[in-house]
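1. sequence below, structure please.
(one chain, ligands or ions: 1)
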Amino acid sequence: MTTATQPIDSPTAAKSTLKKPKPLPAPNTDFYELYGTLKPEELAVVKRVREFMESKVAPVITKYWVEDSFPFELLPAVTELGIGGVGLNGYGCAGGSLALLGFVQMEIARVDPSFATFMGVHVGLAMGSIYIDGAEEQKQKWLPPMARLEKIGCFGLTEPLVGSGASGGLTTTAKREGDTWILNGEKRWIGNATWCDVSIIWARDLADNQVKGFIVENKTTPGFSVNKIENKIALKVVQNGHITLKDVRVPEANRLQGGNSFRDTAKVLKMTRYAVAWMATGCAMGAYEAALKYTQERSQFGKPIASFQLVQDLLARMISNITASQCLIVRQAQLFDEGKLTDAHAALAKAFCTSKCRETVAWAREALGGNGIVADYKVARFFTDCEALYSYEGTFQMQNLIVGKEITGLSAFI
Ligand SMILES: Cc1cc2nc3c(=O)[nH]c(=O)nc-3n(C[C@H](O)[C@H](O)[C@H](O)COP(=O)(O)OP(=O)(O)OC[C@H]3O[C@@H](n4cnc5c(N)ncnc54)[C@H](O)[C@@H]3O)c2cc1C
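-> Take a look at the predicted model:
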């Protein structure tokens, strides 16, 4: 493939006295300079993550994505990177602000939304549940090995027959017998479940009908089994499982002591929706950067297609969506720091950024023509991965109903 910045390889061009064309600008997805809002030490972490993602993950990830498999070989390097438990403080976690967590997830998704989802499930959902709803002894026991990635976690809320309605209708049950709980039911779509060590399982207590959280050790607990969900078209690197719990016995010591109703589950979801908004923005950035470079290099009618007005319109719309999303999520982080981040703030950010991502990746795919549907050109991966970001952690509609309740004062939920 020739590039737009290469001189035309002809004898006439060689003899020409005309000046060489100016090199075209590299993609810049920090259009409003929002990376500058980070503290210098946090920016250094983000730069390390970018370097890792570009040098270690980018060269291999399409192969894993096509094969539906997870790059276990990269986990030691992630541990060395020191981002296990980023945004969580104490207990051996990487710490830092919630803005740092957001920027790190955006950087990871900019290269691979699956890898960001793996981290989102492990750090945000699994470690986050223990961090937010666990007792002090539970945090001390579980968080340090999870921060070192020695134990990987997953989060089991969704069921085969209960998705959006999880707040009111979980069918997985928990029955207490002395100091033991007996869990029965099924969980669907659970990221990392096929291979991880620790599952946070949410179940309805038969005694008081409230949702409670349990820490289940996957590999050693009788009655706990997982089947991989095959044939996905999005986030193919993430291994999603269908969990069956058949008379699974869990000690009271493994019940999340602060998880006593769905309100406590929702505290975890608020933080992970916050993070998905950043991931969706990263996904859009990755697609845009690939599309911009492609349009600068691809020629039709004797000119780079990036010089055509309608292609520039597509590119301008993409960077506008990305910049609007970035402004919103940086403000989201400030609201958290000010102690003001509400469920509705996080829901609005998740809905807005995932829907803008969906538009952006579609325009990126369009800008690549036929090559937009071939995984080797990267954009196809972002294009399909965005579909999962749009639906998981609560669909677009469910987020808008949370916002709707806040702005109207009326709940659309039963
Ligand atoms: C790749 C992937 C990874 C996931 N990882 C996890 C995980 O790790 N852990 C976990 O617990 N779950 C996980 N999920 C599940 C995810 O959170 C659910 O898919 C999501 O909440 C939607 O549930 P559902 O798929 O059952 O759709 P449904 O709830 O059946 O919804 C189908 C459609 O109906 C609409 N709808 C439903 N109710 C209403 C309403 N009241 N008003 C308007 N519209 C409505 C929805 O918006 C949607 O468009 C994952 C899902 C995917 C795809």
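
2. pull the helix or strand residue 141 falls within out as CSV, backbone CA atoms only.
-> Per DSSP states H and E: residue 141 is located in helix 136-147. In CSV, the C-alpha atoms belonging to helix 136-147 read as follows (Å, rounded to 0.1, in the frame of the first residue of the first chain):
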residue,chain,number,x,y,z
GLU,A,136,-12.9,-5.3,56.0
GLU,A,137,-11.7,-8.9,56.4
GLN,A,138,-13.1,-9.8,53.0
LYS,A,139,-11.3,-6.9,51.4
GLN,A,140,-8.0,-7.9,53.1
LYS,A,141,-8.4,-11.5,52.0
TRP,A,142,-9.4,-11.1,48.4
LEU,A,143,-8.3,-7.7,47.0
PRO,A,144,-4.5,-8.1,47.3
PRO,A,145,-4.2,-11.3,45.2
MET,A,146,-6.8,-9.9,42.7
ALA,A,147,-4.8,-6.6,42.4
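
3. pairing partners for the next helix or strand after that helix, with directions?
-> Heading C-terminal from helix 136-147, the first helix or strand you meet, by DSSP H and E, is strand 153-156. According to DSSP bridges, strand 153-156 forms sheet pairs with strand 198-205 (parallel).

4. give me the distance from the helix holding residue 141 to the chain's centre.
-> Distance of helix 136-147 from its chain centroid, counting by Cα atoms, centre = their mean, to the nearest Å, is 23 Å.

5. other SSEs contacting it?
-> helix 128-133 (3 or more Cβ pairs under 8 Å, 6 or more residues apart in numbering; DSSP states H and E). Bear in mind the C-beta positions are built from the backbone N, C-alpha and C, glycine included.

6. tell me the buried residues in the helix it packs on?
-> The neighbour-count check on helix 128-133 (16 or more other Cβ atoms under 10 Å) flags 128-133 as buried.

7. give me the subset of those residues touching the ligand.
-> Near the ligand, judged by Cβ under 6 Å from any ligand atom, there are no entries from the buried residues of helix 128-133.

8. could you list the contact residues of this protein toward the ligand?
-> So the chain meets the ligand at 121, 154-158, 163-164, 189-191, 235, 240, 388, 391-395, 397-398 (Cβ under 6 Å from any ligand atom).

9. now, which of the residues you listed lie within helices?
-> Secondary structure from DSSP state H places 388, 391, 397-398 of the residues of the chain next to the ligand in helices.

10. mind checking which of those residues are buried?
-> For these, a burial check counting by 16+ other Cβ under 10 Å picks out 388, 391, 398.

11. tell me who's in contact with the closest residue to the first one other than its chain neighbours.
-> Spelled out, that is residue 388. Distance criterion Cβ to Cβ, 6 or more residues apart in numbering; nearest residue to residue 388, sequence neighbours excluded, is residue 234 at 4.0 Å. By Cβ atoms under 8 Å, 6 or more residues apart in numbering, the contact list for residue 234 reads 384-388.

12. which residue does this protein bring closest to the ligand?
-> Here the chain gets closest to the ligand at one residue, residue 163, 1.8 Å apart by Cβ to the nearest ligand atom.

13. can you give me the neighbour number for that residue?
-> 17 (other Cβ atoms under 10 Å).

14. one more: residue 201?
-> When counting by other Cβ under 10 Å, one arrives at 28 neighbours for residue 201.

15. which residues of the stretch 1-150 of the chain score low on pLDDT?
-> 1-18 (pLDDT under 70).

16. thought residue 326 was touching residue 33?
-> No: when contacts are counted by Cβ atoms under 8 Å, residue 326 is not listed as touching residue 33 (10.0 Å).

17. tell me the first helix or strand C-terminal of the longest helix seen in the chain.
-> When the chain is parsed with DSSP H, its longest helix is helix 262-297. Moving toward the C-terminus from helix 262-297, the next helix or strand (DSSP H and E) is strand 299-300.

18. spatially central residue for the protein, please.
-> Centroid check for the chain by Cα atoms, centre = their mean gives residue 117 as the closest residue, at 3.8 Å.

19. secondary structure class for that one?
-> Classification of residue 117 by DSSP: H, G, I helix; E, B strand; the rest coil places it in helix.

20. ok, the nearest residue to residue 342 once chain neighbours are set aside to residue 354 distance?
-> Closest residue in space to residue 342, ignoring its immediate chain neighbours: residue 406 at 7.1 Å, by Cβ to Cβ, 6+ apart. Using Cβ to Cβ, to the nearest Å, residue 406 is found at 18 Å from residue 354.

21. between those two, which one's more packed in?
-> Ranked by neighbour count (other Cβ under 10 Å), residue 406 and residue 354 place residue 354 first, with 29 against 15.

22. helix or strand for that one, which one?
-> helix 343-367.
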